[in-house]
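> Sequence first, predicted model second:
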Amino acid sequence: MLKVAITGAHSGIGQDLIKSLCGKEVRVVALVTPWSKQDGLVQHHCVTYLACDLSEEIADDQASLLKDCDILVHLAWARPKKVTNALADNLTLYDNIKAALSNEVKTVFMSSVCATPHNPSCYGQAKYGLAQCLDRDKTVEIIAGLVRTTPAMGPYLALENFVCKLHGAFKFLPSPQAIVADGGQVMAALKKAVLDFDNCGRFIRAYDPAPIRLNDLIKDILKEKQVTGLPIPVPAGLTVWGVKLVRKILPGLSISDRLITLLTVSPEDLEHRFKE
């Protein structure tokens, strides 16, 4: 029977993955943060939950349950108080979980369309930097787009809140590109990577094939939420420069790095990644 360790198992996507694996020939060791709400987590006789802080070394009694795992699905992601610490903190998380696993474990890494060498966001650099530390021969990297869900979650929720609270129909000049996905695409990619790892390539794309204009995405959000937005034309390049300055002065203001991430996704740079 396949044995799978899942970090960030308390997250929405982690719970959905566990649901999809229940009933398969799979045993799951689900790692959750000690401070996460554990009421309502998916329960199944093949699922074992471990509450552990991955910023610290895993205790021996918990590590013993992980040593014989065949696959690690790495969904956990540290969001430090200072966004500039994103890479260092997430390398620590990965090193601590990896130390508890066998050297033969295969890794499914939840990555992002912004995980490219020249993306200026700390989030993108951290995703890309961590990907470079993984064994290419034993890793499937899932490249996920901006996931549009109902209700909104994660970065999409941050964008939704930003434009709705400001009532801003931002019209970036020129409009950045947005690479979007839905939850079904991401879940299909995860299931394929777990259940058919050896027949996957190094990357799995989990996003719509054609990018859309960020301006159009903002317009769709305002329409869906029935919010009247004031047309606000803004130079995209100047906006990125300004938000970078804010991030430098206030590194604890996470929204600045999220905005940089949204404004700087490059479909061209992403295509180059697949040729590495």
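Happy to help now that I have it. Numbering: from 1, shown residues only.

> Do a quick rundown of the helices in the stretch 151-276 of the chain.
With helices called from DSSP state H, counting those that start in this stretch, the stretch 151-276 of the chain shows them at 154-166, 183-195, 214-224, 236-249, 254-263, 267-273.

> I'd like to know which of the ones you listed is closest to residue 64.
Among the helices of the stretch 151-276 of the chain, helix 183-195 comes nearest to residue 64, with 22.3 Å by Cβ to Cβ. Just so you know, the C-beta spots here come from the backbone N, C-alpha and C atoms, and that holds for glycine as well.

> Reduced to three states, what does the nearest residue to residue 62 once chain neighbours are set aside come out as?
With sequence-adjacent residues excluded and distances taken as Cβ to Cβ, 6 or more residues apart in numbering, residue 62 is closest to residue 50, at 5.1 Å. Taking DSSP: H, G, I helix; E, B strand; the rest coil as the rule, one finds residue 50 in the strand state.

> Restrict the one helix or strand residue 131 maps to to CA atoms and write it as PDB.
Element membership for residue 131, per DSSP states H and E: helix 122-132. C-alpha atoms of helix 122-132 as PDB (Å, rounded to 0.1, in the frame of the first residue of the first chain):
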ATOM      1  CA  CYS A 122       9.700  37.400  -2.400                       C
ATOM      2  CA  TYR A 123       7.000  34.700  -2.700                       C
ATOM      3  CA  GLY A 124       8.100  33.900  -6.300                       C
ATOM      4  CA  GLN A 125      11.800  33.800  -5.400                       C
ATOM      5  CA  ALA A 126      11.100  31.500  -2.400                       C
ATOM      6  CA  LYS A 127       9.100  29.100  -4.500                       C
ATOM      7  CA  TYR A 128      11.700  29.100  -7.200                       C
ATOM      8  CA  GLY A 129      14.600  28.900  -4.800                       C
ATOM      9  CA  LEU A 130      13.100  25.900  -3.000                       C
ATOM     10  CA  ALA A 131      12.400  24.200  -6.300                       C
ATOM     11  CA  GLN A 132      16.100  24.400  -7.100                       C
END
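
> Report all helices and strands that it contacts.
Helices and strands touching helix 122-132, by 3 or more Cβ pairs under 8 Å, 6 or more residues apart in numbering; DSSP states H and E, are helix 86-99, strand 106-112, helix 254-263.

> which stretch in those is the model least sure about?
Among these, helix 254-263 has the lowest mean pLDDT, at a mean of 92.

> rewinding a little: looks like the residue nearest to residue 62 contacts residue 65 (just checking).
Yes. Look at residue 50 against residue 65 with Cβ atoms under 8 Å: they come within range, at 6.6 Å.

> higher neighbour count, those two?
residue 50 (20 against 16; other Cβ atoms under 10 Å).

> Quick check: that one vs residue 156, distance?
Distance, residue 50 to residue 156, using Cβ to Cβ, to the nearest Å: 29 Å.

> now residue 43
Residue 43 sits 28 Å away from residue 156, going by Cβ to Cβ.

> quick one: which of those two has more around it?
Set residue 43 next to residue 156 and count neighbours by other Cβ under 10 Å: residue 156 wins out with 21 against 9.

> Quick check: that one touching residue 144?
No. Counting by Cβ under 8 Å, residue 144 is not a contact partner of residue 156; they are 11.3 Å apart.

> residues near residue 14, how many?
Residue 14: 24 neighbours (other Cβ under 10 Å).

> Now do the strand or helix carrying it: everything it contacts.
Using DSSP H and E, residue 14 maps to helix 12-21. The contact list for helix 12-21 (Cβ atoms under 8 Å, 6 or more residues apart in numbering) reads 4, 6, 8-9, 28, 30, 41-42, 44, 46-47, 73, 75, 110, 149, 153, 183, 186-187, 190-191, 194.

> No more questions from me, cheers.
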